[in-house]
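Participant: the sequence and its predicted three-dimensional model are supplied below.
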Amino acid sequence: MAANEYQVTGMTCGHCEMSVREEVGEIAGVQDIQVSHATGTLVVTAAGEIDDAVLAAVEEAGYSAVRV
């Protein structure tokens, strides 16, 4: 199990956080999601390699992310 941190741009409120959380939550293997619009961070704990899936999910939610 590994925690990966991402910097997300474009989030401005709690609804933004919820959108990102919903999309990332659909990825198989995800155990925990911590997202903050205030700091622009997303921390995803998952089993296995999920970088590409997380970046795609954040884009699907309407934001952009990079791995920190």
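Facilitator: Received the coordinates, thanks. Numbers count the residues shown, from 1 in each chain.

Participant: give the bridge partners for the residue nearest to the spatial centre of the chain, please.
Facilitator: Nearest to the geometric centre of the chain sits L42, at 4.7 Å (CA atoms, centre = their mean). Beta-bridge partners recorded for L42 (DSSP bridges): Y6, V35.

Participant: from G10, how far off is it?
Facilitator: According to CB to CB, to the nearest Å, L42 and G10 sit 12 Å apart. Quick note: C-beta positions are derived from backbone N, CA and C, even for glycine.

Participant: now do the longest helix seen in the chain: distance to the chain's middle.
Facilitator: Looking across the chain with DSSP state H, the single longest helix is helix 14-25. Offset of helix 14-25 from its chain centre (CA atoms, centre = their mean, to the nearest Å): 8 Å.

Participant: hmm, who's touching that helix?
Facilitator: With contacts defined as CB atoms under 8 Å, 6 or more residues apart in numbering, helix 14-25 is touched by 8, 10-11, 30, 33, 35-37, 42, 44, 54, 57-58, 60-63.

Participant: buried residues in that helix, which are they?
Facilitator: Residues 16-17, 19-21, 23-24 are the ones in helix 14-25 that count as buried (16 or more other CB atoms under 10 Å).

Participant: pLDDT on that helix, on average?
Facilitator: For helix 14-25, mean pLDDT is 98.

Participant: cool, and stretch 47-63?
Facilitator: Stretch 47-63 comes out at a mean pLDDT of 96.

Participant: need the distance between the two termini of it.
Facilitator: 24 Å (CA to CA, to the nearest Å).

Participant: can you check stretch 24-32 too?
Facilitator: Terminal-residue distance, stretch 24-32 (CA to CA): 10 Å.

Participant: what sits closest to T12 if chain neighbours are left out?
Facilitator: Spatially, and ignoring its direct neighbours in sequence, T12 is nearest to H37 (5.9 Å; CB to CB, 6 or more residues apart in numbering).
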